[in-house]
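Enquirer: pasted the sequence and its predicted model underneath.
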Amino acid sequence: MTLRAKLVLALVLLSATATVTVGAWSFTTTADRLHAEIDESLLAAADAIPTRAPVGRGPDRPGGSAFERPGEQAGVRLRGFEQVALQLIDRDGSPATLVQSDGDVLVLPVDDVDRTLAMQGPTAGEAATGDARQGALLLRQARFRDDVVDGEAFRILTVPGTEGGAVQLARSLAETDRVLESLRRGTALAVLIVTLAAGAIGWIVARQVTRPLDRLTTAATEVGATGRLDVDLPPAGNDEVGRLAGAFRDMLGALGRSREAQQRLVQDAGHELRTPLTSLRTNISVLQRHDDLPLETRRRVLGDLDAESNELTGLVNELVDLAVERHEDEPVRQVAVAALVDRVAERVRRRTGRVINVVADDTTVDGRPAALERAVSNLLDNATKFDDSGAPIDLTVSAGRIEVCDRGPGIDPADAPRLFDRFYRALDARSRPGSGLGLAIVRDVAETHGGTVFAAPRPGGGACVGLVLPASRLSPDSHPHPPTL
């Protein structure tokens, strides 16, 4: 099922459920209220009867029926009684008097409970001596029930008489049933109309919501099929779909920049690889064509081959590191910078024989140790390569700032902005060995750790190059130095 169909179905189900719930509540409430009104009208009619005397020919009233018909007494009018049927029950439980507004005789059903209520009433003697219960008390013993008389539903009230016997009042439920049936049909029609309207509105809303998603899907399919990143995308917005479109656009932008960086890397690498490869081919050709080269010439050619192969090996290794970014696979942990730079400085001392002075505080950073060691090692290698004076090299760590200062030729201000670019080499450095990737790797490591790089002339001659990392803990005596630009 598509997302559009799911949205439509959800809106239809929600609307139908809400309409059915409201309709059922309204129907139930209306039915209860109508039945309550009928019960109240029956109770009012029963209370309005002027006398509720015993019925029958028992020892209390041997002269015959002592129950006057309602309304026969002067000045007595039963409110709403034209809608109520009346039946009197003798003490022995048999119907005695029948009354209906249209004059038709309607025999109401009498069951055992009605007979029991008729027989429980007080006698005429008890009523005369004041032992009879009041009418209000007898109304509390009233009994309601629903029954069918001549195919028509009635609400029947049975009330004990104040002097024995009982009174039955009944009201037809036909009008109430018609009202409820009309309400039921209206509710069903409302549910149908609301459901159809919800389906139509849901379809329109779903189309509006999913249209940007369809465009994103089309764009993603086109990117996967053609590899093109300049595809048409829906405009970004503040809603979820708009933010998704914006994120997708940012992702394509990042992919485009990554592709451009890879293309530049390949182009620059191809350019840089041609020089050592050309030199290697030239020297190999010389060796192949001249078998009788003097020993000294042969040694010089072989030395060039060895140097070019070593430079080519270093260049390939650095290209691989930049291309695959191995340092990003290393887990991040807290690194004591002082211990790290001490290890790197000791390795460079052994390899080059140079004096390296290390001054470091107890700064701790969150980083990848191998990547940071590679960056510090590149800084020291860069300093030893360009500083031919043999003077000590200073390595300083302060509040996350790692700085390597040499006493070499320094930095030309024109070269400073591009010093950390890949394969960039200053004019006076092109005769020296190197690939032009060492400082580019330093910048890459610094940026992946949330830091920056800097390069500036050293007071008194030389250069200071380094990186600044966010420190997670500083010693009390540490004072962060502003980066030198």
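Expert: Right, received. Where do you want to start?
Enquirer: buried set for stretch 200-218?
Expert: Neighbour counts over stretch 200-218 (16 or more other Cβ atoms under 10 Å) mark 202-203, 206, 210, 212, 215-216 as buried. All C-beta atoms are positioned from the backbone trio N, CA, C, and that covers glycine.
Enquirer: in terms of secondary structure, what does the helix or strand hosting R211 contact?
Expert: Take DSSP states H and E as the rule and R211 turns out to sit in helix 174-226. Here helix 174-226 touches helix 3-48, strand 152-160, helix 240-289, going by 3 or more Cβ pairs under 8 Å, 6 or more residues apart in numbering; DSSP states H and E.
Enquirer: packing partners of the longest one?
Expert: Based on contacts counted as 3+ Cβ pairs under 8 Å, 6+ apart, the elements that helix 240-289 packs against are helix 174-226, helix 295-324.
Enquirer: can you put the ones you listed in TSV and add distance to L3 and mean pLDDT?
Expert: Output for the helices and strands packed on helix 240-289, formatted as TSV (distance: least, Cβ to Cβ, whole Å; pLDDT from 0 to 100):
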stretch	distance to L3	mean pLDDT
helix 174-226	6	85
helix 295-324	38	72
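Enquirer: quick one, which of those helices is nearest to E37?
Expert: helix 174-226 (8.7 Å; Cβ to Cβ).
Enquirer: chain center to that closest one, what's the gap?
Expert: Offset of helix 174-226 from its chain centre (Cα atoms, centre = their mean, to the nearest Å): 23 Å.
Enquirer: just want the angle from that helix to helix 240-289.
Expert: Interaxial angle, helix 174-226 versus helix 240-289 (axes from the mean of the first three to the mean of the last three Cα atoms, to 10 degrees): 10 degrees.
Enquirer: what angle separates helix 174-226 from strand 152-160?
Expert: Using the same axes, to 10 degrees: helix 174-226 against strand 152-160 is 120 degrees.
Enquirer: relative to helix 3-48, how tilted is helix 174-226?
Expert: 170 degrees.
Enquirer: including mean pLDDT, mean neighbour count and distance to P331, could the helices and strands packed on helix 174-226 go into CSV?
Expert: What follows is those, written out as CSV (pLDDT from 0 to 100; neighbours: other Cβ atoms under 10 Å; distance: least, Cβ to Cβ, whole Å):
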stretch, mean pLDDT, mean neighbour count, distance to P331
helix 3-48, 87, 15, 38
strand 152-160, 87, 21, 81
helix 240-289, 74, 14, 23
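Enquirer: out of those, which gets nearest to R401?
Expert: helix 240-289 (27.4 Å).
Enquirer: quick one: residues contacting V301.
Expert: Residues in contact with V301 (Cβ atoms under 8 Å, 6 or more residues apart in numbering) are 283, 286-287, 293.
Enquirer: against which helices or strands is the helix or strand harbouring V442 packed?
Expert: Assessed by DSSP H and E, V442 sits inside helix 438-448. Where contact means 3+ Cβ pairs under 8 Å, 6+ apart, helix 438-448 is packed against helix 295-324, helix 369-386, strand 452-457, strand 463-468.
Enquirer: including distance to E260, could the helices and strands packed on helix 240-289 go into a markdown table?
Expert: Formatted as a markdown table, the helices and strands packed on helix 240-289 follow (distance: least, Cβ to Cβ, whole Å):
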| stretch | distance to E260 |
| --- | --- |
| helix 174-226 | 16 |
| helix 295-324 | 14 |
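Enquirer: now the helix or strand harbouring V358: buried residues?
Expert: Using DSSP H and E, the element containing V358 is strand 356-360. Within strand 356-360, the residues that qualify as buried are 356, 360, counting by 16+ other Cβ under 10 Å.
Enquirer: tell me the first helix or strand C-terminal of that strand.
Expert: strand 364-367.
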